[in-house]
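S.K.: pasting a predicted model and its sequence here:
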Amino acid sequence: MDLIVGDLAAIDDKLSQRHIDLDPGGYFIIYLDRNAGLIYAKHFTNVIDDRGLAVDPETGKVIPAREKVERTHTTVFSARTAKEICVKIFEETQPPPVTQLDHAAYLGREFVRAEVALVTEQEYVQD
């Protein structure tokens, strides 16, 4: 069966709508610095409440998924490649700030997307 780009995008779009359990270890905001040729990942802590929602540990307020929130990150990671940033986060940082395998897999996919966007000079928007 031959899959075309549209089919692959539809699969990804559908999977992006599924429910995920949030990582109590926190979350990352990924972005590019094209001038420096770097991928950045800001790590933020959170607490997961009994409803499964991410809560700011300082204020106790729910962290909205689709709105801009002013919070202070705990760490900033940067690297030239997806592999390099994964090594920094998962191997060099102890304990790693990621506590769930599905979150680690998601980050790996996102870092590859970010690297491709950096190399091809395409727009990168975190999924």
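M.R.: That came through fine. Numbering: from 1, shown residues only.
S.K.: give the contact list for the closest residue to Tyr124 other than its chain neighbours.
M.R.: Counting by Cβ to Cβ, 6 or more residues apart in numbering, Ala117 is the residue found nearest to Tyr124 once chain neighbours are left out, at 3.6 Å. (C-beta placed from N, C-alpha, C; glycine too.) Each residue near Ala117 by Cβ atoms under 8 Å, 6 or more residues apart in numbering is listed here: 32, 123-124.
S.K.: restricted to helices, list the residues you listed.
M.R.: The helices in this structure, assigned by DSSP state H, contain none of the contacts of Ala117.
S.K.: just the buried members of those?
M.R.: The neighbour-count test (16 or more other Cβ atoms under 10 Å) marks 32, 124 as buried among the contacts of Ala117.
S.K.: can you put the contacts of Ala117 in CSV and add distance to Ala10?
M.R.: What follows is the contacts of Ala117, written out as CSV (distance: Cβ to Cβ, whole Å):
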residue, distance to Ala10
Leu32, 26
Glu123, 20
Tyr124, 20
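S.K.: which of the contacts of Ala117 sits closest to Asp49?
M.R.: Within those, proximity to Asp49 (Cβ to Cβ) peaks at Tyr124, which comes in at 30.6 Å.
S.K.: pretty sure that closest one is touching Ala114, no?
M.R.: Yes: the pair Tyr124 and Ala114 passes the contact test of Cβ atoms under 8 Å, sitting 5.2 Å apart.
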